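1. generate a structure from the sequence data that follows.
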Amino acid sequence: MGIKRIRRAAREDHYQFSSHALEEMDEDSLTEEDVRWVILHGAVVAELTDDPRGIRFVVRGKPEQDDDDVEVVCRFLPSGMLRIITVYVPGE
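-> Next comes the predicted model:
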């Protein structure tokens with residue numbers, strides 16, 4: 001499952017942002033395109049399995065025009081839609 005399924009959802013525009021993710025992106029001056037780039041070019045650095053709602057994936061990478069790592073936490077909804085839960089710059 002993992003990164004291949006996550007990337008497919010991004011390529012097919014089959015993803016949505018939580019309001020929390022959008023707020024965090026705004027605080028870190030990240031765009032939706034930055035997050036999409038991280039998903040398409042980054043790597044899964046953690047699979048968090050302790051949530052009854054399903055596995056959360058932490059994808060880490062660098063936006064195309066930035067040198068700072070960004071982490072994207074996401075999960076698949078029962079519908080198959082990829083939900084971007086939060087986005088942040090580690091260490092900030």
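2. and the most centrally placed residue in the chain, which of the three is it?
-> The chain has Val72 as the residue nearest its centroid, 3.1 Å off, counting by CA atoms, centre = their mean. Per DSSP: H, G, I helix; E, B strand; the rest coil, the local secondary structure of Val72 is strand.
3. check contacts around the nearest residue to it once chain neighbours are set aside.
-> Among residues not flanking Val72 along the chain, Val59 sits closest, at 4.6 Å (CB to CB, 6 or more residues apart in numbering). Placement of C-beta: from N, CA and C, glycine included. Listed by CB atoms under 8 Å, 6 or more residues apart in numbering, the contact set of Val59 reads 3, 6, 38-39, 42-45, 71-74.
4. so which of those residues is the closest to Ile84?
-> Cys74 (5.1 Å; CB to CB).
5. contacting residues around the closest one?
-> 6, 15, 39, 56-57, 59, 82-85.
6. can you check Thr31 too?
-> Thr31 touches Met25, counting by CB under 8 Å, 6+ apart.
7. distance of it relative to Ile55?
-> For Thr31, the distance to Ile55 equals 26 Å [CB to CB, to the nearest Å].
8. pLDDT weak spots in the chain?
-> 1, 92 (pLDDT under 70).
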